[in-house]
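J.: okay, predicted coordinates and the sequence, questions at the end:
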Amino acid sequence: MQRSPAAPHQRNPADSPPRRPAHPSPQAMTPSIRFRLLAAVLAAALLLPAALGQTPGTPTATPTPEDLARYDRNKNGRLDPEELAAKAADDARRGEAITLTVFEVTADPTDTYEATNTTSITGTNTPLGKTPLDARIFNRQMLDELGVVDLTDMLWKIGGLGPAVINTNEDVRGTLEGDRQDPKSMSMRGLQINNPRRDGFLRSDTTLLDSFDLERVEAIGGSNSLLFGSGDAGGVITSASKRAYLNRRPSLTLRATGDSEGTRRYTVDAQAGTRMFALRFNGVNSDTKYFRPGTRQMAEGYHLAATVQPWKRLTIRGEFRHFTRDTIFAQAVIVRAPLTLLLPNGARVDNQNSRYLVAFPNVAELTGGKFDLTKVDSAIGPFHRDSYDNEIKSVAVETTLAEGLALQLRYGQDARINDPLRATSTTVFAPGATGNNYVDPTSGLAGTQWAMNQSMNATP
């Protein structure tokens, strides 16, 4: 029997499943496989920034050296998720915007010499830029830093006004410390200014004697008769008293000053204010001495101010002031001397004014040391003086009737008197001069010492 060659073995497709290729080509992928791969890629893109501590869309910039120094707490050279979160929070806070309510400041600053507002022109707080007047304003900051006490003295030395002289003879000039002054008479541009005002309303001749209860002083040029009634040709001088302010925390200011002449001055300023009521107290005690022996000024006073605001549009202000000032002022004298006593120019010393005598270098020798440049006005001493006693009361009621319309009612009283002792004569007698009635109690000899023939007057 003849065997035929064996036929090649053929696998039945049903016997085992076909082998899949390890990496199917894109052409071989079904649509469902493509969708699953795309979803996986998108999920990885969303989850990876969160795992690194970032939000989607935030650039992963390399931190700057400043950021590492501030936020890299573990000093590993990179910003960890917690550190990145702290940096992001700080960046967000810096980017926040704060919107403030629109407001307008109408008060003057308290730490500068510049004044931008005035209450003297119209009685209300008005910007100086809207007042077509020449106004010179000296505020509290300036008064404190310059140590101003007598405001009449300050106004002519700093403010450019004329000195408040009593007269223009050689006895009293009013331009040296200790000279007598007239507080109710000054001048501007050569024209007279009389009767200074207090708070732009009350005539108060003694207000300018001391600055302890004043907020500022204003000198307004021109007649201003339409604003102040009997305004003078030279202008108006007005002062603003210290007020009690609402909504102020309790405060207390004590000051003490002195100088090489022996001056001592003490002041107190205390205030407190609630939403509806405020109270303020100012006091002064001073003893001022000058370079000329015997000249002196002693002052005491207190000032009480109160403010009540029962309703938003109604404010009531009141003040009470009591002040006394006793001044031993400089006074030149006429010297009577023996007729044989002569000056270097050949003139007699007799019947000469002491201010004329001190022009000669040897005046101390001629007068036995009685007169020189510092003692020229000290011969009369405490027998020539001014003694002011002043009391002020005032009440002001302010109400706002409508926007831009306000009403103010004021009452004020200023009571003052100058009741000093005054010498009836300003003549002094040298030893040996005719008319020297001094008698030595030991020897009984007459005319051996400098003397005055004096009696005293009380001159209110």
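T.: Great, that's in hand.
J.: which residue ranges form the helices in this structure?
T.: 31-51, 65-71, 81-94, 140-146, 151-157, 225-228, 354-357, 363-366 (DSSP state H).
J.: hey, least reliable of the ones you listed by pLDDT?
T.: Lowest mean pLDDT within the helices of the chain: helix 225-228, a mean of 52.
J.: got the domain ranges for the chain?
T.: The record assigns the chain these domain ranges, following automatic domain parsing: 63-103, 117-331+381-423, 333-376+424-460.
J.: can you redo the ones you listed as a markdown table with mean neighbour count?
T.: (C-beta placed from N, C-alpha, C; glycine too.) Below are those laid out as a markdown table (neighbours: other Cβ atoms under 10 Å):
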| stretch | mean neighbour count |
| --- | --- |
| domain 63-103 | 11 |
| domain 117-331+381-423 | 17 |
| domain 333-376+424-460 | 15 |
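J.: if you average pLDDT over each of those, which is lowest?
T.: domain 63-103 (a mean of 77).
J.: surely Arg249 is in contact with Thr274?
T.: No: the pair Arg249 / Thr274 is not scored as a contact, 10.1 Å apart, by Cβ atoms under 8 Å.
J.: tell me what the biggest strand by length in the chain is packed against?
T.: In the chain, assigned by DSSP state E, the strand with the most residues is strand 385-402. Contacts defined by 3 or more Cβ pairs under 8 Å, 6 or more residues apart in numbering; DSSP states H and E place strand 385-402 against strand 314-328, strand 405-418, strand 421-423.
J.: tell me the strands beside it, with direction?
T.: strand 314-328 (antiparallel), strand 405-418 (antiparallel) (DSSP bridges).
J.: how far out from the middle of the chain is the shortest one?
T.: Same thing as strand 405-418. In terms of Cα atoms, centre = their mean, to the nearest Å, the centre of strand 405-418 is found 25 Å from the chain centre.
J.: run through who's touching it.
T.: Here strand 405-418 makes contact (Cβ atoms under 8 Å, 6 or more residues apart in numbering) with 123-124, 198-199, 201-206, 386-401, 459-460.
J.: same thing but at 7 Å, please
T.: Contacting residues not belonging to strand 405-418 are listed as 123-124, 201-206, 386-401, 460 [Cβ atoms under 7 Å, 6 or more residues apart in numbering].
J.: just the CA trace of stretch 375-392, in CSV.
T.: Extracted C-alpha coordinates of stretch 375-392, given in CSV (Å, rounded to 0.1, in the frame of the first residue of the first chain):
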residue,chain,number,x,y,z
LYS,A,375,19.7,150.3,86.4
VAL,A,376,18.7,153.3,84.4
ASP,A,377,14.9,152.7,85.0
SER,A,378,15.0,151.1,88.5
ALA,A,379,15.1,154.1,90.8
ILE,A,380,11.4,154.3,91.5
GLY,A,381,11.1,150.5,92.0
PRO,A,382,7.8,149.1,93.3
PHE,A,383,6.2,152.5,93.7
HIS,A,384,5.3,152.7,90.0
ARG,A,385,3.2,149.8,88.7
ASP,A,386,0.1,148.5,86.9
SER,A,387,-2.3,146.1,88.6
TYR,A,388,-5.0,144.6,86.3
ASP,A,389,-8.0,142.6,87.6
ASN,A,390,-10.1,141.0,84.8
GLU,A,391,-13.2,138.8,84.8
ILE,A,392,-14.8,137.5,81.6
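J.: what lies in contact with that stretch?
T.: Residues contacting stretch 375-392 (Cβ under 7 Å, 6+ apart): 180, 204, 206, 209, 292-295, 319, 321-333, 354-355, 358, 414-423, 426, 428, 454, 456.
J.: tell me who's in contact with the nearest residue to Asp414 once chain neighbours are set aside.
T.: Excluding its sequence neighbours, the residue lying closest to Asp414 (Cβ to Cβ, 6 or more residues apart in numbering) is Ser204, at 4.6 Å. The contact partners of Ser204, by Cβ under 7 Å, 6+ apart, come to 196-198, 392, 414.
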